[in-house]
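Chemist: heads up, no residue letters with this:
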């Protein structure tokens, strides 16, 4: 790539850049982050009890992977996130589309939804333990409570963006109101709905730690809390890195699904 074309792509921020350049920049940022990590730990600027050396985190990961404990905790966390996300999405998508399409539904639900979505999830953890118990159901409930109302609002906003001419034309042709949601509104908002699901899946991973900090016996959040009690900073960093990797994997998966399911919006 010539210097002139590189400068041209930088000056036009909304123009697509070559895939090779995108990959190079993605690798470069990670090289800089890891190099900075090495520099901070080996120079002594930050003590190891606050920031472990990269090789310590790597060796801890290898050790826990070898004895199987890492996979056990990863599977427990994946199970909690997936169940919570799927249950929340199965309700939020049709309800959000309905809420954004029919003003009477919006008027009925909007005040309650906008009130609940500002409530802190962490404050409900003790209540969920009291109401549900300390099993996986409690952790799943935290994930659902953390993302459901956000999904509902964003999906409803997407549905409200559908041109009313499309909906009115469907009514003129004799389409039933229920069919309008699934045959008119859903296809029109599909790219935005997939974007909402992708974003809220990221939120689900962040709420995982909250869900597993109390009354859990497995999971990446659980081993983080356990490691904190023993000042095992390398284990904490390993757990954080695993959550980040899993989150990145699901993010890329949603990108692929969006390209396949809604190619016209890419």
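Modeler: Looks like it arrived, so ask away. If you're wondering where the values come from, they're calculated on a predicted model, not measured in any experiment.
Chemist: list the buried residues for stretch 58-72?
Modeler: 60, 61, 64, 70 (16 or more other C-beta atoms under 10 Å). For the C-beta atoms, the positions are set from N, CA and C on the backbone; glycine is no exception.
Chemist: can you pull the phi/psi pair for the closest residue to residue 183 other than its chain neighbours?
Modeler: Spatial nearest neighbour of residue 183, excluding adjacent residues (C-beta to C-beta, 6 or more residues apart in numbering): residue 175 at 6.9 Å. Dihedral angles phi and psi of residue 175 (degrees, to the nearest 10) take the values phi -70, psi 140.
Chemist: same question for residue 230.
Modeler: Dihedral angles (degrees, to the nearest 10) for residue 230: phi -100, psi 10.
Chemist: list the contacts for it?
Modeler: The contact partners of residue 230, by C-beta atoms under 8 Å, 6 or more residues apart in numbering, come to none.
Chemist: separation between it and residue 250?
Modeler: Separation of residue 230 from residue 250 (C-beta to C-beta, to the nearest Å): 30 Å.
Chemist: wait, isn't the residue nearest to residue 183 in contact with residue 181?
Modeler: No. The pair residue 175 and residue 181 does not pass the contact test of C-beta atoms under 8 Å, sitting 10.0 Å apart.
Chemist: who's more crowded, the two?
Modeler: Set residue 175 next to residue 181 and count neighbours by other C-beta atoms under 10 Å: residue 181 wins out with 18 against 14.
Chemist: any idea how far residue 150 is from the more buried one?
Modeler: 20 Å.
Chemist: what of residue 239?
Modeler: Residue 239 is 25 Å from residue 150, by C-beta to C-beta.
Chemist: report pLDDT for residue 35.
Modeler: What the model reports as pLDDT for residue 35 is 94.
Chemist: quick one: buried residues of the helix or strand containing it?
Modeler: For residue 35, the element it lies in under DSSP states H and E is helix 19-42. Buried residues in helix 19-42, counted by 16+ other C-beta under 10 Å: 37, 41.
Chemist: give the next helix or strand downstream of it.
Modeler: Using DSSP H and E, the helix or strand that directly follows helix 19-42 along the chain is helix 54-66.
Chemist: now that next one against helix 19-42, angle please.
Modeler: Orientation of helix 54-66 against helix 19-42 (axes from the mean of the first three to the mean of the last three C-alpha atoms, to 10 degrees) gives an angle of 100 degrees.
Chemist: for helix 54-66, which helices and strands make contact with it?
Modeler: helix 19-42, helix 69-101, helix 233-261 (3 or more C-beta pairs under 8 Å, 6 or more residues apart in numbering; DSSP states H and E).
Chemist: give the contact list for the spatially most central residue of the chain.
Modeler: For the chain, the residue whose C-alpha lies nearest the mean C-alpha position (C-alpha atoms, centre = their mean) is residue 202; its distance is 1.1 Å. Listed by C-beta under 8 Å, 6+ apart, the contact set of residue 202 reads 247, 250, 251.
Chemist: and which of the residues you listed is nearest residue 95?
Modeler: residue 250 (22.7 Å; C-beta to C-beta).
Chemist: and that closest one, what does it touch?
Modeler: 201, 202, 205.
Chemist: take those residues and keep only those in helices.
Modeler: Residues of those located in helices (DSSP state H): 201, 202, 205.
Chemist: can you put those in JSON lines and add pLDDT and distance to residue 211?
Modeler: Formatted as JSON lines, the ones in helices among the contacts of residue 250 follow (pLDDT from 0 to 100; distance: C-beta to C-beta, whole Å):
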{"residue": "201", "pLDDT": "95", "distance to residue 211": "15"}
{"residue": "202", "pLDDT": "93", "distance to residue 211": "15"}
{"residue": "205", "pLDDT": "93", "distance to residue 211": "10"}
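Chemist: next, format these as CSV and append distance to residue 44.
Modeler: As requested, the ones in helices among the contacts of residue 250 are exported to CSV (distance: C-beta to C-beta, whole Å):
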residue, distance to residue 44
201, 39
202, 35
205, 33
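Chemist: cool, thanks, signing off.
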